[in-house]
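Asks: Here you go, sequence then predicted model.
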Amino acid sequence: MITEITSADQFRQVITQDAISIVDYHAPWCGPSKAILPMFAQLSELYNRINFYKVDVDEHAQLTQEAGARVYPTFIIYRGGAKVQTISGANPEGLTTLIKSAVRQA
């Protein structure tokens with residue numbers, strides 16, 4: 001399951017937990033963001049040991065800037081408030097590899 005980030009406070013709370021979280025910085029108008037979203041949703045069902053979130057870059061420009069997400073989508077793995085890994089673009093193979101790596105760390 002993917003949870004939509006609705007506030008900066010919620011974002012800070014979820015990324016500072018001990019569990020591993022992956023955040024999809026996406027733009028609803030962006031073709032690549034829309035194209036990979038179904039796969040991201042499917043991966044969230046398969047790999048339930050990590051938490052899946054998405055941030056609308058238009059709604060949360062400050063969070064997007066702080067994360068350094070300049071290409072959409074950008075996927076960032078967080079643990080304990082720190083960035084662990086990042087991948088940019090709609091790269092299904094890369095995203096799967098990123099998530100599998102995070103699961104091994106969970």
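Replies: That came in fine, so what should we check first? The structure displayed is predicted, hence computed values, not measured ones.

Asks: rest of the way, CA atoms for contacts and neighbours
Replies: Will do.

Asks: just the helices in the protein please.
Replies: The residue ranges that make up the helices of the chain, judged by DSSP state H, are 8-15, 31-46, 61-67, 92-105.

Asks: Just send those helices back as TSV, with mean neighbour count too.
Replies: Rendered in TSV, the data for the helices of the chain read as follows (neighbours: other C-alpha atoms under 10 Å):
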stretch	mean neighbour count
helix 8-15	15
helix 31-46	16
helix 61-67	13
helix 92-105	15
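
Asks: Would you single out the least confident of those?
Replies: Taking each of the helices of the chain in turn, the lowest mean pLDDT turns up on helix 92-105, with a mean of 90.

Asks: what does that one rub up against?
Replies: 20, 22, 36, 39, 43, 47, 49-50, 75, 77, 85-87 (C-alpha atoms under 8 Å, 6 or more residues apart in numbering).

Asks: Next, format these as a markdown table and append distance to Gln10.
Replies: Formatted as a markdown table, the entries for these read as follows, by distance: C-alpha to C-alpha, whole Å:
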| residue | distance to Gln10 |
| --- | --- |
| Ile20 | 15 |
| Ile22 | 14 |
| Ile36 | 24 |
| Met39 | 24 |
| Leu43 | 22 |
| Tyr47 | 22 |
| Arg49 | 20 |
| Ile50 | 17 |
| Phe75 | 18 |
| Ile77 | 16 |
| Gln85 | 21 |
| Thr86 | 20 |
| Ile87 | 22 |
